[in-house]
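Engineer: need coordinates for the below:
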Amino acid sequence: MKTEMEMNRRNFLKTTTVGAVGSIAMPSIISAADQTQGNIVLAFVGCAHIHTPGFINLLKSRKDVKVKYVWDHDTKRAERRANELDCAAVNDASKIWSDNEVVGVVICSETQLHPKLVADAAKSKKNMFVEKPLGITGAESKKMAATIQDAGLLFTTGYFMRTDPKHIFLREQVAKGAFGKITRVRGSNCHSGSLGGWFDTEWRWMADPAIAGVGGFGDLGTHSLDIMMWMFGDVESVVADIRVVTGRYANCDETGEALMKFKNGYIGTLAAGWVDVDNPVTLLISGTNGHAVILNNELYFKSDKVQGADGRKPWRDLPPSPPLPLHQFVNAIAGQKDMPLVKPDEAAARVSVMEAAYKSARTNGWEKVV
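Structural biologist: Purely as a prediction, here's the structure:
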């Protein structure tokens, strides 16, 4: 049986089938009347990430989008993706930055390139979808977040787990107090990518922490960490054990476990990695008046404050799912005001927690999140 995260990631990829800067333009918002005329003009700036093919297919499925350019430092990679999009491959990103027709960019480069690309995009007033993680360090991520916010640009990142109705429902119940005093929470996001050699060839850089910023624990863990912080708030300190298992990717970590203290006093644990053959329990919330578990992609919910919530059978009374993050980004550019975009400072905060977890694994002690 495939792990839930393996299925989720593959389903996500399948579902999404669905330098000098010249003159600059303020970010454009496209009117609803123009949405079927290809008037939302975007560009890919870097196309190294494993989610790039899915993002390409998603954008190709939209009649209101025209991808005009693809840039990547690897010219062959840029040409291949540009061919898929029937657009121009450029070897100088300044052509994108100086083109006033381009209203947004999709940044799928190696993580180490994000600071410069985000700075250039902000200077040229391009709205940004930046694939996670935002940066390698908390400090550089906070700097990027401030740059994006100061420029008044639209931004989001690929935290697609926020579109799961089960997560949306549980966040609402946490806010309503359905669990009473929450005593512990747990997130787990694991798949068998290292066992299956997912990163052996084209995506090899993602198993090089010097380029990607993290290994298996951070790559998958950031998604569950985002959900936990989205529900329960900021993390104050963390202690973690992060380690290599197979050695398939040299010294790149492949699994880890973190214990976190949230600022509101909650205790949380986070598991993530690439060496799990199954991952049946992806989220657990326990409190003095309720309990919830997502088991084999089914939500079981118990609360003495919610009628019918006895935890005996899957809970199916769930809210609708919002569009995937890249759809949200395009919709926001098109003028829709209700898109639940990830804020730049939220993306930066997740990097800071991960940075503290990796530091803790080296020091064998608690680390404050800064």
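Engineer: buried residues in the helix or strand containing residue 143?
Structural biologist: Taking DSSP states H and E as the criterion, the element that holds residue 143 is helix 138-151. Within helix 138-151, the residues that qualify as buried by neighbour count (16 or more other Cβ atoms under 10 Å) are 138, 140, 141, 142, 143, 144, 145, 147, 148, 151. Where you see a C-beta, it was placed from the backbone N, CA and C, and this is true even at glycine.
Engineer: who touches the helix or strand just after it?
Structural biologist: Sequence-wise, the next helix or strand downstream of helix 138-151 (DSSP H and E) is strand 155-156. In this structure, residues lying in contact with strand 155-156 by Cβ atoms under 8 Å, 6 or more residues apart in numbering are 127-130, 148, 325, 328-329, 332, 339, 341-344, 347.
Engineer: and strand 155-156, what's its mean pLDDT?
Structural biologist: Model confidence over strand 155-156 averages 98 on the pLDDT scale.
Engineer: can you check stretch 334-341 too?
Structural biologist: Summarised as a single mean, pLDDT over stretch 334-341 is 96.
Engineer: buried stuff in it?
Structural biologist: Of the residues in stretch 334-341, those buried under the neighbour-count criterion (16+ other Cβ under 10 Å) are 334, 339, 341.
Engineer: over to stretch 290-307?
Structural biologist: Buried residues in stretch 290-307, counted by 16+ other Cβ under 10 Å: 290, 291, 292, 293, 294, 299, 300, 301, 302, 303, 306.
Engineer: before we move on, the earlier item: for the helix holding residue 143, packing partners?
Structural biologist: For helix 138-151, the elements it packs on are helix 114-123, helix 344-363, judged by 3 or more Cβ pairs under 8 Å, 6 or more residues apart in numbering; DSSP states H and E.
Engineer: coming back round to it: how about a markdown table for the buried residues of stretch 334-341, with distance to residue 356 and secondary structure added?
Structural biologist: Output for the buried residues of stretch 334-341, formatted as a markdown table (distance: Cβ to Cβ, whole Å; DSSP: H, G, I helix; E, B strand; the rest coil):
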| residue | distance to residue 356 | secondary structure |
| --- | --- | --- |
| 334 | 38 | coil |
| 339 | 30 | coil |
| 341 | 25 | coil |
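Engineer: nearest to residue 98 among those residues?
Structural biologist: For residue 98, the closest of the buried residues of stretch 334-341 turns out to be residue 334, at 23.4 Å, with distances computed as Cβ to Cβ.
Engineer: any regions of the protein where pLDDT drops low?
Structural biologist: Using pLDDT under 70 as the threshold, the predicted model of the chain has low-confidence ranges 1-38.
Engineer: all helices for the stretch 201-350 of the chain, in order.
Structural biologist: Here the stretch 201-350 of the chain has its helices, by DSSP state H, counting those that start in this stretch, at 209-212, 216-232, 325-333, 344-363.
Engineer: quick one on the thing from earlier: identify the farthest-apart pair in the buried residues of helix 138-151.
Structural biologist: In the buried residues of helix 138-151, the most distant members under the criterion Cβ to Cβ are 138 and 151, with 20.4 Å between them.
Engineer: what ranges does the stretch 1-150 of the chain have for its strands?
Structural biologist: Counting by DSSP state E, counting those that start in this stretch, the stretch 1-150 of the chain forms strands over residues 40-47, 65-71, 88-90, 104-108, 127-130, given from the N-terminal end onward.
Engineer: could I get those strands as CSV with distance to residue 162 and mean neighbour count?
Structural biologist: Formatted as CSV, these follow (distance: least, Cβ to Cβ, whole Å; neighbours: other Cβ atoms under 10 Å):
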stretch, distance to residue 162, mean neighbour count
strand 40-47, 22, 26
strand 65-71, 22, 23
strand 88-90, 32, 19
strand 104-108, 18, 24
strand 127-130, 14, 26
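Engineer: let's have these in JSON lines, adding distance to residue 200.
Structural biologist: Converted to JSON lines, the strands of the stretch 1-150 of the chain look like this (distance: least, Cβ to Cβ, whole Å):
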{"stretch": "strand 40-47", "distance to residue 200": "19"}
{"stretch": "strand 65-71", "distance to residue 200": "24"}
{"stretch": "strand 88-90", "distance to residue 200": "26"}
{"stretch": "strand 104-108", "distance to residue 200": "20"}
{"stretch": "strand 127-130", "distance to residue 200": "26"}
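Engineer: which one of these lies closest to residue 310?
Structural biologist: Closest of those to residue 310 is strand 127-130, at 41.2 Å (criterion: Cβ to Cβ).
Engineer: let's see the closest one as CSV, backbone CA atoms only.
Structural biologist: Extracted C-alpha coordinates of strand 127-130, given in CSV (Å, rounded to 0.1, in the frame of the first residue of the first chain):
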residue,chain,number,x,y,z
ASN,A,127,3.6,39.3,-8.4
MET,A,128,5.2,36.0,-7.2
PHE,A,129,4.4,32.4,-6.7
VAL,A,130,7.5,31.0,-5.0
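Engineer: which other helices and strands does it contact?
Structural biologist: For strand 127-130, the contact count by 3+ Cβ pairs under 8 Å, 6+ apart identifies strand 104-108, helix 114-123, strand 155-156, helix 325-333 as packing neighbours.
Engineer: next helix or strand past the shortest one?
Structural biologist: Going back to what we said before, that points to strand 155-156. Moving toward the C-terminus from strand 155-156, the first helix or strand encountered (DSSP H and E) is helix 165-176.
Engineer: all good on my end, thank you.
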